[in-house]
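Peer 1: Predicted structure and sequence below. I'll ask about it afterward.
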Amino acid sequence: MLGALGVVYGDIGTSPLYALKEAVRAASTQGAPDPRAIIGCVSMILWALILIISIKYALLIMRAGNRGEGGIMAMLALLRARHAKPGTLRAHVLVLGLVGAALLYGDGAITPAITVLSAVEGLKIDAPFLAPAVVPITTVILLGIFLVQRKGTRFIGQLFGPIMLLWFIALALLGIRGILMAPGILAAINPFAALYFITHTSPFVGFVVLGATFLAVTGGEAMYADMGHFGPQPIRFAWFSVVLPALMLNYFGQGGLLLTDPAAIDSPFYQLAPDWAHYPLIVFATAAAVIAAQSVITGAFSLTQQAMQLGLFPSVHVRHTADDQKGQIYIPIVNWMICVATLVSVFAFRSSDALAGAYGVAVSLLMAITTCLAALIALKWGYSLPAVLAVNGFFLLIDLVFFSANLVKLADGGWYPLLMALVLTVIMLTWRRGLALVEAARNRQRESEKDFLAMLATKPPMRLPGTAAFLASAARGVPLSLSHFVRHNHALHEHILLVTGKPEEVPRVADADRMEIVELAPGMTRVVLHFGFMETPRIPDGLRCGVERGLLPGIQLDDLSYYIGRETIIPREEIAGMAVWREHLFAFMQRNAERSAAHFHIPAKQVVEVGVEIEI
């Protein structure tokens, strides 16, 4: 539970820095905020936390686990959408899921910016002359966060839980102080306070307030995405016993402060604290903001790794920062892409108020997509259609209302995360379609085992001593690297392994199910190694497991040569496939993707590359 506090709830735990402030500001179209507007906003935030986070995510969505793992990629794996044929329902589900995954990256570019900015802006309360320094200080902090990623966060991560526990205790104590100032704020417990405000204000103002209210629930997706790290029960227990009570008390406390002092609207969170505590609270809030940013960045690393394993994202270099912890990874290109996008957010918007306009659009759409995918999973698991429509339809309606409310922010910056999501969706769809075209081209050139063995029988090549492993993309046929090797060298090793690393739509594969072995002919063996989408595919480790179990007798792994096809993609306009610009995009990604040897962790000194040209 302590670990979940530090990783899962960093984002939603820092929402009090800006959520209620933005909601009340949106409701106060004429001067000082009206008491009914304040109570209505607090009531909307309270019931959004109850309906969306407590009921939808904690009690319902977290039941849709893939052997304990959660997140958008786990949902796609459960629905087996990865192998969908174009034009089918599963293909549309895949596109929907990829849009959701891309939206998470958009969220990842804004969350660090808005949390750190809102924390540092506390300096302006007691030292207005420091206002020009807010953006530079924020920039330095964010750069520090991204620079430290390559060293791993194991040590810092051990402090996350205790720091966030203290943070939630501070939220609760500050909230109690505000409630004692104006106990009348407790009227916000009644949901009719929210309904009264919405029905007694203009539709436009109501929509803007709903969009601002949604800022209080951003970060809820992390409960489901990080389920595999901690398990559902600790995450739920942390939410209901610590996080929800602390957030409720703080939002009520901020509301109570605004009832007594409407002028505190510029920073109700910091104004809750006594004057002497402002600077310590700024430091504390900045630490919590750093933890929230770190959680989002780590989530982007995990999401990228899962997408690569499922063949939905180009292979990029993944560095493990802790030998004994699988989840501790660092992906340089993802780190610096998010860093650039985050710094652009800071310099383009320059304040948490302006960033609030860009925040929420991507997350609200992601939540709607999650609800749709959860409905399909529930139907697959045998739940009745009326029950699924009633439950998921209710929550989808809430999601769509919030998404519609956030669309009001589109011109104020909401386009920014959506643009990033669009670019990443195009990249993922192009990569997936390109892989399918390449595999189709391979199939046209690939010889069958029968034909290849017949050729060896009629024209026996010179035999070379030792064993060679030829990496094969498919678990049938002869890899192009092998047929090219024999055709040009007229030679073949005494023992041949045709090795395929096959990603599975489960998080992890048991060692007993890791390997399939098929004897194709004397001296030629096909080996299929299965890897889960949460695992690191290591071909040598898989083969070593087979040697140790006696399934690959006589194989000396240290003397093994791995032959890998180095493919050059040549886009051809006359060949039916993708649009030419997408083919060139795919060829560019394929050239710059991590090489197969590095992806499968094969020692460089044992690798021999065989050049192959493929037209698509």
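Peer 2: Perfect, I can see it now.
Peer 1: how much space between residue 85 and residue 436?
Peer 2: Taken as CB to CB, to the nearest Å, the spacing of residue 85 relative to residue 436 amounts to 10 Å. All C-beta atoms are positioned from the backbone trio N, CA, C, and that covers glycine.
Peer 1: So those two - more neighbours on which side?
Peer 2: Comparing residue 85 with residue 436 by neighbour count (other CB atoms under 10 Å), the higher total belongs to residue 436, at 17 against 8.
Peer 1: C-terminal to the helix or strand hosting that one, what's the next element?
Peer 2: When secondary structure is defined using DSSP states H and E, the element that contains residue 436 is helix 415-445. Using DSSP H and E, the helix or strand that follows helix 415-445 towards the C-terminus is helix 449-458.
Peer 1: CA atoms of that next one as CSV?
Peer 2: Output for helix 449-458, consisting of C-alpha atoms alone and laid out as CSV, is shown next (Å, rounded to 0.1, in the frame of the first residue of the first chain):
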residue,chain,number,x,y,z
GLU,A,449,10.9,-26.5,-45.1
LYS,A,450,10.0,-29.3,-47.6
ASP,A,451,11.5,-27.5,-50.6
PHE,A,452,14.6,-26.4,-48.7
LEU,A,453,15.3,-29.9,-47.4
ALA,A,454,14.8,-31.3,-50.9
MET,A,455,17.3,-28.8,-52.3
LEU,A,456,19.8,-29.8,-49.7
ALA,A,457,19.3,-33.4,-50.7
THR,A,458,19.8,-32.8,-54.4
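Peer 1: Pull out the buried positions in that helix.
Peer 2: Applying a neighbour-count criterion of 16 or more other CB atoms under 10 Å, one finds 449, 452, 455 buried in helix 449-458.
Peer 1: So what touches the next helix or strand after it?
Peer 2: Downstream of helix 449-458, the first helix or strand assigned by DSSP H and E is strand 462-471. Here strand 462-471 makes contact (CB atoms under 8 Å, 6 or more residues apart in numbering) with 479, 481-482, 485, 490-501, 539, 543, 554-556, 559-565, 596, 600.
Peer 1: how about a cut-off of 7 Å?
Peer 2: Surrounding strand 462-471, the residues in contact under the criterion CB atoms under 7 Å, 6 or more residues apart in numbering are 479, 481-482, 490-499, 555, 559-564, 596.
Peer 1: distance between the strand or helix carrying residue 99 and the chain's centre?
Peer 2: Taking DSSP H and E as the definition, residue 99 sits inside helix 89-120. With CA atoms, centre = their mean, to the nearest Å as the basis, helix 89-120 stands 7 Å off its chain's centre.
Peer 1: try stretch 545-555
Peer 2: 38 Å.
Peer 1: ranges for the helices of the stretch 251-400 of the chain?
Peer 2: Counting by DSSP state H, counting those that start in this stretch, one finds helices in the stretch 251-400 of the chain at the ranges 268-271, 278-309, 332-349, 352-358, 361-380, 385-407.
Peer 1: Mean pLDDT lowest where, among the ones you listed?
Peer 2: Within the helices of the stretch 251-400 of the chain, confidence is poorest for helix 352-358, with a mean of 79 (mean pLDDT).
Peer 1: name the helices or strands packed onto that helix?
Peer 2: Contacting helix 352-358 under the criterion 3 or more CB pairs under 7 Å, 6 or more residues apart in numbering; DSSP states H and E are the following elements: helix 89-120, helix 332-349.
Peer 1: Narrow the contacts of strand 462-471 to just the buried residues.
Peer 2: Neighbour counting with 16+ other CB under 10 Å marks 479, 481-482, 492-493, 495-499, 555, 560, 562-564, 596 as buried within those.
Peer 1: how many neighbours does the closest residue to residue 449 other than its chain neighbours have?
Peer 2: For residue 449, ignoring the flanking residues on the chain, the nearest one in space by CB to CB, 6 or more residues apart in numbering is residue 520 at 5.4 Å. Burial of residue 520 is recorded as 15 neighbouring residues (other CB under 10 Å).
Peer 1: same thing with residue 137?
Peer 2: Residue crowding around residue 137 was assessed by other CB under 10 Å; the count is 17.
Peer 1: My guess is it contacts residue 122. True?
Peer 2: No - with contact defined as CB atoms under 7 Å, residue 137 does not count as touching residue 122 (11.1 Å).
Peer 1: need the longest strand for this protein.
Peer 2: With DSSP state E setting the assignment, residue counts place strand 491-503 as the longest strand in the chain.
Peer 1: what about dumping the CA coordinates of that one to CSV?
Peer 2: Only the C-alpha atoms of strand 491-503 are listed here, as CSV (Å, rounded to 0.1, in the frame of the first residue of the first chain):
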residue,chain,number,x,y,z
ALA,A,491,27.8,-24.2,-47.3
LEU,A,492,25.9,-25.0,-44.2
HIS,A,493,26.7,-25.7,-40.5
GLU,A,494,26.5,-29.2,-39.1
HIS,A,495,23.7,-28.2,-36.7
ILE,A,496,21.1,-25.5,-37.5
LEU,A,497,18.7,-23.9,-35.1
LEU,A,498,15.8,-21.9,-36.5
VAL,A,499,14.9,-19.6,-33.6
THR,A,500,11.8,-17.5,-33.3
GLY,A,501,11.0,-15.1,-30.5
LYS,A,502,7.2,-15.0,-30.3
PRO,A,503,5.4,-12.3,-28.2
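Peer 1: Provide the strand pairings for that strand, with the direction of each partner.
Peer 2: For strand 491-503, the pairing partners within the sheet under DSSP bridges are strand 462-471 (parallel), strand 524-531 (parallel).
Peer 1: Can you say which of those strands is packed in most?
Peer 2: Of all the strands paired with strand 491-503, strand 524-531 has the most neighbours on average by mean count of other CB atoms under 10 Å, namely a mean of 20.
Peer 1: which among the buried ones among the contacts of strand 462-471 gets closest to residue 35?
Peer 2: Distances from those to residue 35 were compared by CB to CB; the smallest belongs to residue 596, at 64.9 Å.
Peer 1: ok, and the closest non-adjacent residue to that closest one?
Peer 2: Across the structure, with CB to CB, 6+ apart as the measure, the residue nearest residue 596 apart from its sequence neighbours is residue 564 (5.1 Å).
Peer 1: Can you list the buried residues in stretch 472-490?
Peer 2: By neighbour count, and taking 16+ other CB under 10 Å as the criterion, the buried residues in stretch 472-490 are 472-473, 477-486.
Peer 1: Check these and tell me the two furthest apart.
Peer 2: 473 and 486 (18.1 Å).
Peer 1: measure the closest residue to residue 448 other than its chain neighbours to residue 519 for me?
Peer 2: With CB to CB, 6+ apart as the measure, residue 477 is the residue that lies nearest to residue 448, at 5.8 Å, once sequence neighbours are left out. According to CB to CB, residue 477 and residue 519 sit 16 Å apart.
Peer 1: ok, now which ones touch residue 547?
Peer 2: Each residue near residue 547 by CB under 7 Å, 6+ apart is listed here: 555, 557.
Peer 1: The chain should start at 56 in everything you say after this.
Peer 2: Noted, 56 is the first residue going forward, which turns the last one into residue 602.
Peer 1: Help me confirm that it is found in a helix?
Peer 2: Yes - the assignment for residue 602 is a helix, going by DSSP: H, G, I helix; E, B strand; the rest coil.
Peer 1: where exactly do the strands run in the stretch 556-671 of the chain?
Peer 2: 570-576, 579-586, 616-625, 662-670 (DSSP state E, counting those that start in this stretch).
Peer 1: Tell me how far stretch 365-380 lies from the chain's centre.
Peer 2: For stretch 365-380, the distance from its own C-alpha centre to the chain's C-alpha centre is 13 Å (CA atoms, centre = their mean).
Peer 1: Quick check: most distant residue from the centroid of this protein.
Peer 2: Here the centre of the chain is the reference, and by CA atoms, centre = their mean the most remote residue is residue 513, at 53.4 Å.
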